[in-house]
Structure formats: C-alpha cells, structure tokens
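[1] missing the sequence, but the structure's below:
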C-alpha cells in the first residue's frame, strides 16, 4: 500500500522568506513523487515530479523539491515566497508499476505581504 | 486548446436524484480519471480508464458508475445521489497509465446533495 503524509495543515510565511512544505511517503517499492498546487476554485496544477536521478528537482514558478530516500521525504521549497504563492499544495506518490496516485491531505500556504 | 473540460461547473441535487458529470479532453491522452475532493482528505480516486474501452474501480467507487464513451470523453454517473456525495469532482488525464506521467486536471464540478 502507498500513502502520503503532509504533517502541516497550514504554513504561514512572510513575503521574501523561504517557504517549505513538508511531505513524507510510504511505498512498497520505488516511488514516483509529485507536487501539485490548487488556487481557489480551480483544478490542480502540476508543479514538479521526481522519477529518478538527481535528488533535487526543479519545477514551475521557482519551486524545487528534494527527494530523501532515507527519510522517505519529498519536501517542496521556494527560496523567496511571493504573495501569489498563497494556495493549497498537494503531495502525491505512485509506486512504480501502479496506476494509482495517492494524494496527501494538502497544506494551505499563506504568504503575507 | 482547452485541455480538460468539465460540465456542469455547479449542481444542486435532491437526495435520490440522478445526474451525469461530463469530462472531455483535447490532448489525445489515453488515461482518464475521476476524483472527489473533500476538505482535509485530499483527492480520492473514484474510477479510472487506462484506455478507450476499459474502466476500473478506484478507492471510493460505491454509488458511482462511469462510461468511457470514446477516447475524448469519460462520464461519471450518480444513479441515486446521497448527501455523502456532496463534494468537488475532478476529472484528470494522463498520457498513459505509466507511473511517471503527471496528470492534468479539469476545473472541477461542485456538487451539493440536499
């Protein structure tokens, strides 16, 4: 079975400060990991994914994520947050060879001006 | 190029009524998915279709049926709506069911069952 945990329901940061959204996962095999963002009343938008190779993955809008196999984590980061980054962020995992994508409960990010 | 479209955007039903949620894509992708989103629970897979002519149950299929009408369209039907089906429903597509392909999501249908 595969699962994702996002331990923080909410993250609040000031504009210009670093932003981190945490994600840990559990899979039986090797994971494929994804981050999505959802703005109010919109569908989910793909940000980035880890498949294999370099543990640091760069994605859209200046976001990046670091895959850590020993800690089974895939934290999303942005060096300098913008007010426009305020949204709901989802981490998702898929076991290699499985069709099913499992989502975390989501983390609401608020960036204050 | 609209990507993934869903109709309707909003719907209010009474308990016991039926309705069909429509999803269409213009990206020529093989795999299509239906999810529901509930507060604090993330997205849960209802049904998916790996390719035209095939459908399979996800983790919460009870109370729903699906039809993969052709490669472009994947509909979700509620035969007898219940208040527990109040949710936001998202259709998603992917190039194929390979593990590493990201999914693209439609704008959602907000359903309220009274």
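    Received, thanks. Note that this is a predicted model, so its numbers are computed, not measured.

[2] The closest residue to residue A:90 other than its chain neighbours in helix, strand or coil?
    Closest residue to residue A:90 apart from its sequence neighbours, by C-beta to C-beta, 6 or more residues apart in numbering or on different chains: residue A:36 at 4.6 Å. From N, CA and C alone the C-beta is placed, and that goes for glycine too. The assignment at residue A:36 comes out as strand when based on DSSP: H, G, I helix; E, B strand; the rest coil.

[3] residues of stretch B:63-80 that come out buried?
    B:64, B:66, B:68, B:72-76, B:78 (16 or more other C-beta atoms under 10 Å in any protein chain shown).

[4] sorry, that was for stretch A:19-32
    A:19, A:21-25, A:27, A:31-32.

[5] Does it reach chain B?
    Yes: contact of stretch A:19-32 with chain B (C-beta under 8 Å from any C-beta of the partner chain) involves residue A:32.

[6] Up against chain A, what does chain B have?
    Near chain A, when you scan chain B using C-beta under 8 Å from any C-beta, you find B:4, B:31, B:40-45, B:48, B:50, B:56, B:58-59, B:90, B:92, B:97, B:99-100, B:102-108.

[7] Low-confidence stretches in the chain?
    I'll assume chain A. Across chain A, nothing is flagged by pLDDT under 70.

[8] The chain in question should be chain B.
    B:1-2, B:96-99.

[9] what residue is smack in the middle of it?
    residue B:34 (2.7 Å; C-alpha atoms, centre = their mean).

[10] Sweet, I'm off.
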